[in-house]
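[1] I'd like to go over a predicted model; first the sequence, then the structure.
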Amino acid sequence: MAKIIYTHTDEAPLLATYSFLPIIAAYAKTAGVEVETRDISLAGRVIAQFPDRLTEEQRLDDALAELGELATKPEANIIKLPNISASTPQLKATIAELQSQGYDLPAYPENPQTDEEREARARYDKVKGSAVNPVLREGNSDRRAPASVKNYAKAHPHSMGAWSSESKTSVATMGHDDFRTNEQSVVLDADDTLSIVHVGAGGEETVLKEGLAVLEGEVVDATFMSASALDAFLEEQVAKAKADGVLFSAHLKATMMKVSDPIIFGHVVRAYFADVFAQYGEQLAAAGLSANDGLGAILAGLDEVEGGAEIRAAFEKGLAEGPALAMVDSDKGITNLHVPSDVIIDASMPAMIRTSGQMWNADGEQQDTLAVIPDSSYAGVYQAAIDDCRTHGALDPSTMGSVPNVGLMAKAAEEYGSHDKTFEVPATGKVEVRNAAGDVLMSHDVEPGDIWRACQTKDASIRDWVKLAVTRARASATPAIFWLDRSRAHDANLIAKIEAYLPEHDTEGLTLEIMAPAEATTYSLERIRRGEDTISVTGNVLRDYNTDLFPILELGTSAKMLSIVPLMNGGGLFETGAGGSAPKHVQQLVKEDYLRWDSLGEFFALAASLDHLGGYDDNARARILGETLDRATETFLNEDRSPGRKLGTIDNRGSHFYLALYWAEELAKQTEDADLAAAFAALAGTLRENEQTIVDELLAVQGKPADIGGYFRPDPEKAAAVMRPSTTFNEALATIG
C-alpha cells in the first residue's frame, strides 16, 4: 500500500493534527493510501536520545534518523509540520516536563564537568535548535503562494500600517569584523577530509573538529565575528536608540543558528545592562545564570541567589534608564531581551515592516524602532524594504505582486549547516582549516570570545538548485533573480558555478539575473508595486527570510505558503509553510478550549503530497483526491472558514469540519471515478444535513479549561478527546474508507 508519512511535531500544529489526521486517514484510505505518523517533536527527539535510561514502554525510536534515511529514497512522501526550533530555555522546560511525567532524564548540563555530564550535553545538543530541517531537506526549496490564497488576499486585503516619511525606524548592522566581512571561501578540487585547528599564540594546537568529509566541487566557507567589535557596536546602538528616542530591538535567530546566535544574544543582553553585569556579572555566572539564556531566565533564577533582590533592582534600574525596549508581550512585561527564541528575525522584521515600521513599547503602543542585526550579510534586505516603504508608503495587498522563492538548502547547505563547525574562540591565536595533507585552506587571526564558524555547500545541491530555478522560471513565465553579492567570498564561488551550469539548461526567453540582496530587494519591491511577480533564487538563510518577508506583506502570514521540497532522489517533502509552532495558541486552548491555529498550510501540503503520490504510484484516485482538495480549499477560503479570533466562532476544529465537507462535496461532483463519487456523496449529504449539529457540538466546549496532559508532550488520549469533541462528525467520518 502506498504511504504518506505525516509528522507529529509540536505545540499548535501537533494539537491540530489530532483533529485533522483522522480526516486525512479516512479520505486517503479510499485511494489505497496509508497514512503513517512519525514523532519528531522536541519531546520525542529528547526521549529517543536516552533509551538506556528509560523503560521499554517509554522508549521511542529515532524517528528523525529514520525519516532522514527515507528522504534519500524515491518512494519518500513526507508531510512536515512546523517544529519548535529549540532554544536552551525551551529544551530545559521540555526536560522538566518529561521528568514530571516519569521519564528518568538527566538535567541539562549548562557547564558539564564530568564525562557523564559531557555525554548528556552532547545528546541534548543533537536536538537543540533546528535539528529537524537539515536532516529531512534532501532537496532544494520551492515556496510560493497558491493562486487561491493570492486571490483571496487581493479580494480581502489584510491591514497594513501607514508609513510616514518621517519614520525614524532603521536597521543597525556592523559592516566590519562580522561574518560577512571576514568570510573566506574555497572550492574543493577533489574529495578530501578537513580539520579545524586552533593554533595558540605560543604555537600550541587544539583540534576543534576533525574528520570533516568533503567532496570534489564542494564550497567550504569559514568566517568569524569579532567579540570586541560586536561589543563596541552594541554599546553604540544602545546609546543611539536612547538618543533618538526609538525602541531598541535585537533581531537574531537563536533557534536555527543554535550555536552562534545565543552567544550573540548574550552579548546584546550584557550590552544593554552593561552596568549590571559590570557589578554583578561574576555573581550571576557563579549562580549559573547566563545572559545567553535571556533576561527572563536570569530574573527567574534570582530568588536562589544571595543578594538576588539587590540584583533584580539593578536590572529594573537598567530598564528604566536605558532606551525603551521593544516588547514581545507588553501586558506581561516580556521584552525583546527576555527569551532568545521569542524574537526570530525572519518573523519579527516583516511584522515590524508591515506595522508602519514600528514595534510595541512597554505601554502597549507602537513606536519607531532601531532594529539591531549585528551581522551585515543580509541586514541590507530589511533596510531596503524600510527605505522603500518610507519613500512610497505601505504596500497594497489588493494589487501587489508576489515573490516566490527557490531556495538552496539541500544537504544542510550554507550557514544552517554550520552548527557542528561553530566555536567560541578560547584564546588568542589562529583558527585554520586544513586538508588531509596538512595544507592550510583558510585561516583567521582571532581573539578570546570571537565566534568562528565554517559551513559547506555540496556541488550536487547547487546544480539541483540552478535546475529548479530554471524549471520554476519556465513554468511560471516569471523573471528569476539570484540574490548573490559578487563581493562576498561564498557568493562569488556560487556565481561561478551558476554561470557554468546555466548553459546546461534551456534558458531561451527566460529572464535570469544576478543581483546583490539589497539591490534585489529594491528591484522586487518595484515590481511588486506594479503587480508583477519575481522569483527570488536564494541561499538557505535568505530562503528563510524571504519566505516570511514577502508572504507576511502579501498575505498577512507566511503560514499560507505552498512549500514543496522536490527531493534530489525523486521523493517529495511537503512542508506546511512557515509561521512557527504558535505557543500562544496552545496557551489559549488550555485556558479556554479554543485553538486559533490555521491549518491552511497543511491543506496545501496534503494536496501536493497526494498529487505527487498519484504520479509516483500511477494512483488515479490519489490524484483525484489532491485535485478535489485544491478546489475544496478554494471554497474554504471564499467561504471564510479559517479559525476566528474569539470565542463563539469556529476554531481550528471547525475549520477542519468545513474542509472535510467541501472536500467530500468536490469528490461527489467529480466525474472521473463513479464509485468514489458515490461513496463521498453519501458522506457529503450526511455532513451537510448535520452541519448545524456538528458546529454546535464544536462550539459547546469553548470557554472552559482543556486538559491535554502536557505542553511539550500531551497525553494522546486527552489531546484526541479535546480536539475531536463532535460525536456526530466523528461517527460520520467513520463511515468512509
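    Arrived safely, thanks for sending.

[2] any idea how this structure splits into domains?
    2-156+561-733, 184-225+415-456 (automatic domain parsing).

[3] with distance to Thr173 added, can I get those in JSON lines?
    In short, each C-beta sits where N, CA and C put it, glycine included. Below are the domains of the chain laid out as JSON lines (distance: least, C-beta to C-beta, whole Å):
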{"stretch": "domain 2-156+561-733", "distance to Thr173": "23"}
{"stretch": "domain 184-225+415-456", "distance to Thr173": "12"}
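
[4] can you tell me the SS state at the residue sitting furthest away from the middle of the chain?
    Distance from the C-alpha centroid of the chain, by C-alpha atoms, centre = their mean, peaks at Gly202 (42.6 Å). Secondary structure, DSSP: H, G, I helix; E, B strand; the rest coil: Gly202 is coil.

[5] any chance of the domains of the chain in JSON lines, plus distance to Gly333 and mean pLDDT?
    Below are those laid out as JSON lines (distance: least, C-beta to C-beta, whole Å; pLDDT from 0 to 100):
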{"stretch": "domain 2-156+561-733", "distance to Gly333": "16", "mean pLDDT": "94"}
{"stretch": "domain 184-225+415-456", "distance to Gly333": "30", "mean pLDDT": "96"}
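
[6] buried deepest among those, which one?
    domain 2-156+561-733 (a mean of 20; mean count of other C-beta atoms under 10 Å).

[7] how about the contacts made by Thr30?
    Arg621, Leu625, Leu676, Ala679, Phe680, Ile736, Gly737 (C-beta atoms under 8 Å, 6 or more residues apart in numbering).

[8] let's see 10 Å
    621-622, 624-625, 667, 673, 675-676, 679-680, 683, 736-737 (C-beta atoms under 10 Å, 6 or more residues apart in numbering).

[9] spatially, which two of those are the most separated?
    Ala622 and Leu683 (18.0 Å; C-beta to C-beta).

[10] now stretch 361-374: how far from the chain's centre is it?
    When distances are taken as C-alpha atoms, centre = their mean, to the nearest Å, stretch 361-374 is centred 22 Å away from the chain's centroid.

[11] one more: stretch 198-207?
    Averaging C-alpha positions (C-alpha atoms, centre = their mean) puts stretch 198-207 37 Å from its chain's average.

[12] do stretch 348-365 as well
    20 Å.

[13] which of the residues in it are buried?
    Neighbour-count burial for stretch 348-365, counted by 16 or more other C-beta atoms under 10 Å, picks out 348-350, 352-361.

[14] inside strands: which ones of these?
    Residues of the buried residues of stretch 348-365 located in strands (DSSP state E): Gln358, Met359, Trp360.

[15] alpha carbons of stretch 365-380, as CSV, please.
    C-alpha atoms of stretch 365-380 as CSV (Å, rounded to 0.1, in the frame of the first residue of the first chain):
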residue,chain,number,x,y,z
GLU,A,365,1.8,51.5,21.9
GLN,A,366,3.6,51.4,18.6
GLN,A,367,6.9,53.2,18.3
ASP,A,368,9.7,53.7,15.8
THR,A,369,12.4,51.2,16.2
LEU,A,370,16.2,50.7,15.9
ALA,A,371,16.4,47.1,14.6
VAL,A,372,19.8,45.8,15.6
ILE,A,373,21.0,43.0,13.2
PRO,A,374,24.7,42.6,14.1
ASP,A,375,25.9,40.6,11.0
SER,A,376,25.7,42.5,7.8
SER,A,377,25.2,39.6,5.4
TYR,A,378,21.5,40.2,4.9
ALA,A,379,20.7,43.2,7.1
GLY,A,380,20.6,45.3,3.9
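
[16] quick one: mean pLDDT for that stretch?
    Per-residue pLDDT values over stretch 365-380 give a mean of 97.

[17] report the buried residues of it.
    367-380.

[18] cool, and stretch 325-342?
    325-328, 334-342.

[19] what's the pLDDT at the nearest residue to Gly364 once chain neighbours are set aside?
    Closest residue to Gly364 apart from its sequence neighbours, by C-beta to C-beta, 6 or more residues apart in numbering: Ser330 at 4.1 Å. Note on Ser330: pLDDT of 91.

[20] Ser330 and Leu562, how far apart?
    Using C-beta to C-beta, to the nearest Å, Ser330 is found at 34 Å from Leu562.

[21] again, but for Lys411
    Note on Lys411: its distance to Leu562, by C-beta to C-beta, is 23 Å.

[22] can you check Pro109 too?
    Between Pro109 and Leu562 the distance is 42 Å, computed by C-beta to C-beta.

[23] which stretches of the stretch 251-400 of the chain form strands?
    For the stretch 251-400 of the chain, the strands defined by DSSP state E, counting those that start in this stretch cover 327-329, 334-335, 358-360, 366-372.

[24] out of those strands, which comes closest to Arg653?
    Counting by C-beta to C-beta, Arg653 lies closest to strand 327-329 out of the strands of the stretch 251-400 of the chain; the figure is 26.1 Å.

[25] mind giving me the packing neighbours of that closest one?
    Using 3 or more C-beta pairs under 10 Å, 6 or more residues apart in numbering; DSSP states H and E, the elements in contact with strand 327-329 are strand 247-250, strand 334-335, strand 358-360.

[26] contacting residues around it?
    Everything outside strand 327-329 that qualifies as a contact, by C-beta under 10 Å, 6+ apart, is 247, 249, 296, 333-339, 342-343, 348, 359-365, 367, 584.

[27] surely Ala28 meets Ile624?
    No. Look at Ala28 against Ile624 with C-beta atoms under 10 Å: they stay out of range, at 11.6 Å.

[28] which residues do these two both contact?
    Leu610.

[29] helix or strand right after the helix or strand containing Ile552?
    Element membership for Ile552 (DSSP states H and E) is helix 540-555. Next along the chain after helix 540-555, taking DSSP H and E as the criterion, comes strand 562-566.

[30] the next helix or strand after that next one packs against which elements?
    Per DSSP H and E, the first helix or strand lying C-terminal to strand 562-566 is strand 572-575. Applying 3+ C-beta pairs under 10 Å, 6+ apart, we find strand 572-575 packed against strand 2-8, strand 77-80, helix 133-136, strand 141-144, strand 562-566, helix 600-616.

[31] inside helices: which ones of the contacts of Thr30?
    Taking DSSP state H, the ones among the contacts of Thr30 that sit in helices are Arg621, Ala622, Ile624, Leu625, Leu667, Asp675, Leu676, Ala679, Phe680, Leu683.
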